[in-house]
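**Student:** pasting the sequence and the predicted coordinates here, then a few questions.
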Amino acid sequence: MIAYSVRISILISLALLLSAQMLYIPAPLTAVLGIVWIYLFYAAINKKPQIKKIWTLLLTLTALASIYFSYQTFVGIEPGVSVLTTFLFAKALETKTRRDAVILFNFALFVSASSFLFSQSFAMAAVVLLSLMSNFTGLYRLQTSAFEPDQKASLQNLKQDLSHVGKFIAYALPFFVLLFMFFPRLPPLWHIAIPQNRAVTGISDSMSPGDIAQLSQSSALAFRVVADLTRLPARSELYWRALVLDEYDGLRWTSSYSNQQLIEPSDIQQKKAGSKKKHQDKAGRFEYRYLASDPRVNWIMGLEKSLPLESQYQLGQDWRITPQRQNIKNDLIQLMWIGAADLHIENEIQRQWLNKRNTQIAENYDLKAQQLAKQLYAQSGYNPERYIQHVLAWYKRNGFAYTLNPGFLGKNRVDDFLFGTRKGFCEHYASSFVMLMRYAGIPARVVTGYQGGQPAPDGKSWEVRQLDAHAWTEVWINDRWQRFDPTAIIAPNRIDIGMQSYMEEDQSIYNGAHSELSYRQYVMLTKLRIWSDYASYQWQSKVVGYNAESQQNWFQKIGLNSIYSGVISLIVATLCLILLYFTYIYWQVKRNKPELERAIGQFNSKLPLALKKQNAETFSLWMSRLSRLASSDEQVHFQRLRQKFEQYRYMPHGQRNVELKEIKRLLKSCANALKKL
């Protein structure tokens, strides 16, 4: 039978493993594994026999069925790890002997490490580390429980066992650090399937009024930019572009297929160089690195206009940057901002197609808005640039408000917004502005992405959060797309100081949906999240992102010029560490010796080999042998030393100090007597 304390260790290990994976495995599987854990807990507390094999089989088959129906396969990262976890819990149901427990704990070590295939975040690493410590503690309990017949007492010793295991891990930790820092970083030996169609939080490929407003109530990190922050454009120019939406059906905006057509970055530079207009010189360009919070996001939110500098990323007609293949590893992506460069359309057929696609309207929708556009366009003398200014001025003087809770919009959404609620978020203003342009026959489109952001706590990177999600517009004027943001007219502080600061400064954008208390809680949680994201970034960049390039940079900092010198340093550092450990152990053993033994040991170490204490010789016989070598006058020192030693052994601890001083004095006298020989 397995000791009660070992079963508790099994329960803790399984609970930690389930908590690490429950956000990634299917909900039905989580429910089945939860039922298994509850039964194991009930059986351990009440000392019930193991469950019948038929029930173990049924629970296992149910778990496997939930995996298959969720993934349609058992092959891949998520289904594979889920199957391993299922078999681990099934093994726990049939664990009866010490051998079963040893197999279970070793299997749990492997499954815990496989959780990193789901996520390599700091939180996952912390839970996996706790799971590993629990498994090691269980293995340690298997060894010690055989010597403890009282199971209740062994449960009380779990804390002590955990401290022992923690001490062993602390001893091994320096070796892990050395291997991590100096062992050569090799390329992957194989590739694994990438999970597809996983839902992620962020900008999507369609938009209707209210989508971005909901997204902007989340303080979750969207992405991070690592760069020289002094070279970033002004905050009002920090538009992080995702993609263009140019098709509208009266309800939703979507992106046409032509926007996904690929272009070469070299073509943009050549066309830009050949253009008569200079929008950005070379001095204005700068490179930066982009790090997504979730690598499964389909678009790289680059600072417009930006080019990918890595071959695995491609550029679309609407300046979208997308990966050629989805990746689960969160790596920094090299981008280059080139300022205001744009594609110049020279083909007349392309011009006609662009004009047709970006002036499409739904004829039977928003008739009042169509009438307003015709009226303002006529007042502008049919001049597009003057018309844009008239439309923006119309927004400004008609009492529009910026809010996260604009209320319900009916079938004619643009009309309901412009002439009804007049309260909306950025997508309301962008959508209505584009439609007012199109009603006047001017090509226009919606652009989605993020705007603004905040510097990280260390001031070395720039953080953009989901609450910075934004929509703006582009209008085709003077043979190029020009950005116009009507939100900047209604809520200029949203652009000038950033969404986060704006929300803290002006609570009216909630439109009464949040109380003062809930708002303060929101601000506090946002600040906690900022520091949490910063810690995760340090973990990702310093640990998870430690690759061959990072290792080479580290070697150069400490004066190593090659991998071979790094390997030699690893060997030398390991040997030095082993020597340090042995020195520490020797010092500990020597320090923990009783003071009397240390005094006698020092006396013995100074004697010639023939006079040293023999292994089978007692202290009394040893003193008798030495006394025969001394003169008759000095033999009394050896006799008194022998008597004092015997008295010291049986004396109460509180009275030993005086006798110890006398013994040390006699040892010194005996040593002087032996020196005269």
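**Tutor:** It's in.
**Student:** hey, what's residue 333 bridged with?
**Tutor:** Here residue 333 sits in beta bridges with residue 290, as judged by DSSP bridges.
**Student:** if I pick it, what's in contact with it?
**Tutor:** Residue 333 sits next to 289, 290, 291, 292, 300, 308, 310, 313 when contact means Cβ atoms under 8 Å, 6 or more residues apart in numbering. Placement of C-beta: from N, CA and C, glycine included.
**Student:** ok, these vs residue 660, which is closest?
**Tutor:** Nearest to residue 660 among those is residue 291, at 65.3 Å by Cβ to Cβ.
**Student:** so how many other residues sit close to the closest one?
**Tutor:** The number of residues packed near residue 291 is 19, by other Cβ atoms under 10 Å.
**Student:** got it, and the one 4 residues further on?
**Tutor:** Per other Cβ under 10 Å, the neighbour tally for residue 295 reads 16.
**Student:** low-confidence ranges in the stretch 451-600 of the chain?
**Tutor:** Scanning the stretch 451-600 of the chain with the threshold set as pLDDT under 70 gives 502-527, 529.
**Student:** that one: helices as residue ranges?
**Tutor:** 487-490, 492-496, 499-505, 516-539, 548-557, 563-592, 595-605 (DSSP state H, counting those that start in this stretch).
**Student:** just the pLDDT for the residue minimising distance to the centre of the chain.
**Tutor:** Nearest residue to the geometric centre of the chain (Cα atoms, centre = their mean): residue 121, 2.9 Å. Turning to residue 121, the model gives it a pLDDT of 79.
**Student:** check contacts around it.
**Tutor:** 536, 539, 540.
**Student:** distance check, the last one against residue 534.
**Tutor:** Taking Cβ to Cβ, to the nearest Å as the measure, residue 540 falls 11 Å from residue 534.
**Student:** so which of those two has more stuff around it?
**Tutor:** Shown here are residue 540 and residue 534; by other Cβ under 10 Å, residue 540 has more neighbours (20 against 17).
**Student:** next up, the contacts around that one.
**Tutor:** 120, 121, 122, 291, 330.
**Student:** so can I have TSV of these showing distance to residue 160 and secondary structure?
**Tutor:** Converted to TSV, these look like this (distance: Cβ to Cβ, whole Å; DSSP: H, G, I helix; E, B strand; the rest coil):
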residue	distance to residue 160	secondary structure
120	33	coil
121	32	coil
122	29	helix
291	43	strand
330	40	coil
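**Student:** list only buried entries from the contacts of residue 333.
**Tutor:** Buried residues within these, counting neighbours by 16 or more other Cβ atoms under 10 Å: 289, 290, 291, 292, 300, 308, 313.
**Student:** buried ones in the helix or strand in which residue 139 is found, by neighbour count?
**Tutor:** Element membership for residue 139 (DSSP states H and E) is helix 122-144. Buried residues in helix 122-144, counting neighbours by 16+ other Cβ under 10 Å, are found at 122, 124-125, 127-128, 130-142, 144.
**Student:** if we can go back for a sec, out of the helices of the stretch 451-600 of the chain, nearest to residue 17?
**Tutor:** helix 516-539 (20.5 Å).
**Student:** burial count for residue 598?
**Tutor:** So residue 598, with other Cβ under 10 Å, has 12 neighbours.
**Student:** oh, that last question was meant for residue 579, not what I typed.
**Tutor:** By other Cβ under 10 Å, neighbour count at residue 579 equals 10.
**Student:** and what of residue 177?
**Tutor:** Counted with other Cβ under 10 Å, residue 177 comes out at 12.
**Student:** quick check: it vs residue 543, distance?
**Tutor:** 11 Å.
**Student:** also residue 309?
**Tutor:** 25 Å.
**Student:** just residue 471 next, same as before
**Tutor:** Residue 471 is 36 Å from residue 543, by Cβ to Cβ.
**Student:** and residue 581, by the same measure?
**Tutor:** Distance from residue 581 to residue 543, by Cβ to Cβ: 25 Å.
**Student:** sorry, back to before: and residue 471 and residue 543? Which one has more around it.
**Tutor:** Between residue 471 and residue 543, residue 471 has the larger neighbour count (other Cβ under 10 Å), namely 30 against 12.
**Student:** mind listing the residues bridging to that one?
**Tutor:** Bridge pairing for residue 471 - DSSP bridges - gives residue 448.
**Student:** for the nearest residue to residue 113 once chain neighbours are set aside, give me its contacts.
**Tutor:** Leaving aside its sequence neighbours, residue 113 sits nearest to residue 128 (Cβ to Cβ, 6 or more residues apart in numbering; 6.9 Å). Residue 128 sits next to 20, 112, 113, 115, 116 when contact means Cβ under 8 Å, 6+ apart.
**Student:** how many other residues sit next to the first one?
**Tutor:** Going back to what we said before, that points to residue 20. 24.
**Student:** show the contacting residues for it.
**Tutor:** 112, 115, 118, 124, 127, 128, 131.
**Student:** what sits against the fourth one?
**Tutor:** Applying Cβ under 8 Å, 6+ apart, we find residue 124 in contact with 20, 115, 116, 118.
**Student:** the second one too?
**Tutor:** Residue 115 is in contact with 17, 20, 21, 81, 124, 127, 128, counting by Cβ under 8 Å, 6+ apart.
**Student:** how close does the closest residue to it other than its chain neighbours sit to residue 173?
**Tutor:** Spatially, and ignoring its direct neighbours in sequence, residue 115 is nearest to residue 20 (4.9 Å; Cβ to Cβ, 6+ apart). Separation of residue 20 from residue 173 (Cβ to Cβ) stands at 21 Å.
**Student:** now residue 320
**Tutor:** 45 Å.
**Student:** higher neighbour count, the two?
**Tutor:** Of the pair residue 320 and residue 173, residue 320 is the one with more neighbours under other Cβ under 10 Å, namely 23 against 10.
**Student:** for the more buried one, grab phi and psi.
**Tutor:** phi -70, psi 140 (degrees, to the nearest 10).
**Student:** the closest residue to it other than its chain neighbours - how many residues pack around it?
**Tutor:** Excluding the flanking residues, the one nearest residue 320 by Cβ to Cβ, 6+ apart is residue 243, at 4.3 Å. Residues within reach of residue 243, counting by other Cβ under 10 Å, total 24.
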